[in-house]
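Asks: have a look at this fold, sequence not included:
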């Protein structure tokens, strides 16, 4: 998964990037795209690795992209280059400034910044949708495709993001390849000063995010960027001193997984213990395809052990002896924490 970080000048976007990735890239306009990949923390993988002692442990990962904005201005329109970078991300993390910045003349106004960003995305999508509609009508294309673009055009003209249009009204298969900005997952990071790092998201902002089909979380990026460079044990101490339960990366991952409705299943053995990310509701055969296409094509059955059941008995053999091994077909809906072994034949 790729998440792009965006924000107006002075929002602390690059500092948030450093806090998430543990890197130490220079703050300030560079015009360069910065990339960082992080492992998705999961205590279940840690525990399984301690039991199996595999040669390799592979966590799920997320790639973050610090997308350059504009230099020397507090709020300007999104440049074509910025838009292009955002279009290639799976999700957007918008950093909003909610702290005094001596380098900027204006006071922080997160709601105004959110609306400005949303408006830019609306205009960009409208341009794409209108061009597509004109072409479809000239070509007398499939009426269902035309209807889909007409519905999302109407939503955009009313200021509503495409992500808010329900699945029963449009066929999203027609939107593939267009990388429409307001159809992407939107996460908002409200960047505050250290003294308000553990406060609550303002009710009006939270309600507005809900209207946009988005979600958000709070952080104090300058402090958490310093914490990200410490050892894990020291990180825990400093996070608690801030009145927080977990670092910014964990909070962002939880928000992302919740919005995308993602879960993890595991494969285990002496060679490797590995986490695989899928959408909730994925069937066993499709989940097997995440491991390898051959497993999907030759799928026979899946042997499933829920994580809690495995930890109760302590080994695969003990689970089998207790009669708790689940043998499931291709229609089985994989659950979060399932340990899966695929039987297949080509």
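Replies: Alright, I've got the coordinates. For clarity, every value in this text was computed on a predicted model and none was experimentally measured.
Asks: going forward, measure contacts and count neighbours with C-alpha atoms only.
Replies: OK.
Asks: parallel or antiparallel, which strands does the helix or strand encompassing residue 216 pair with?
Replies: Element membership of residue 216, judged by DSSP states H and E, is strand 215-219. Within its sheet, strand 215-219 is paired with strand 185-192 (parallel), according to DSSP bridges.
Asks: list the buried ones in the strand holding residue 216?
Replies: The neighbour-count check on strand 215-219 (16 or more other CA atoms under 10 Å) flags 215-219 as buried.
Asks: cool, and stretch 150-166?
Replies: When burial is assessed from 16+ other CA under 10 Å, stretch 150-166 yields the following buried residues: 150, 152-153, 155-156, 160-165.
Asks: could you do stretch 335-346 as well?
Replies: If you call a residue buried by 16+ other CA under 10 Å, then stretch 335-346 has these buried ones: 335-342.
Asks: mind picking the two most distant members of the residues you listed?
Replies: Using CA to CA, the two most remote members of these are 336 and 342, lying 16.5 Å apart.
Asks: which residues are contacting stretch 163-178?
Replies: When contacts are defined by CA atoms under 8 Å, 6 or more residues apart in numbering, stretch 163-178 is touched by residues 128, 144-145, 147-148, 151-152, 155, 182-185, 212-213.
Asks: pLDDT of it, averaged?
Replies: Per-region confidence: stretch 163-178 scores 91 on mean pLDDT.
Asks: please compute how far it lies from its chain's middle.
Replies: Taking CA atoms, centre = their mean, to the nearest Å, one finds the center of stretch 163-178 at 19 Å from the center of the full chain.
Asks: re earlier: filter the contacts of stretch 163-178 down to the ones in helices?
Replies: Cross-referencing those with the helices (criterion: DSSP state H) gives 128, 144-145, 147-148, 151-152, 155 as the overlap.
Asks: next one: stretch 215-222 to chain centre, how far?
Replies: Its chain's C-alpha centre and that of stretch 215-222 lie 15 Å apart, by CA atoms, centre = their mean.
Asks: residue 81 looks like it's in a strand, true?
Replies: No - secondary structure assignment (DSSP: H, G, I helix; E, B strand; the rest coil) places residue 81 in helix, not in a strand.
Asks: and it, how far from residue 272?
Replies: Taking CA to CA, to the nearest Å as the measure, residue 81 and residue 272 are separated by 40 Å.
Asks: what of residue 56?
Replies: Look at residue 56 and residue 272: by CA to CA, they are 5 Å apart.
Asks: what about these two, which has more around it?
Replies: For residue 56 and residue 272, the more surrounded residue by other CA atoms under 10 Å is residue 272, and the numbers stand at 16 against 13.
Asks: for that one, what are its contacts?
Replies: The neighbourhood of residue 272, defined by CA under 8 Å, 6+ apart, consists of 54-58.
Asks: widest-spaced pair of the contacts of stretch 163-178?
Replies: By the measure CA to CA, 144 and 212 form the most distant pair in those, at 25.3 Å.
Asks: and these two? Which one has more around it.
Replies: Under the criterion of other CA under 10 Å, the comparison of residue 144 against residue 212 puts residue 212 first, with 19 against 12.
Asks: so what's residue 218 closest to, chain neighbours aside?
Replies: Leaving aside its sequence neighbours, residue 218 sits nearest to residue 190 (CA to CA, 6 or more residues apart in numbering; 4.8 Å).
Asks: partners of that neighbour in the sheet?
Replies: With DSSP bridges as the criterion, the beta-bridge partners of residue 190 are residue 96, residue 218.
Asks: show me where this protein has its strands.
Replies: When assigned using DSSP state E, the strands of the chain occupy the ranges 2-6, 34-39, 56-58, 61-66, 91-98, 185-192, 215-219, 262-267, 272-279, 299-306, 326-328, 338-344.
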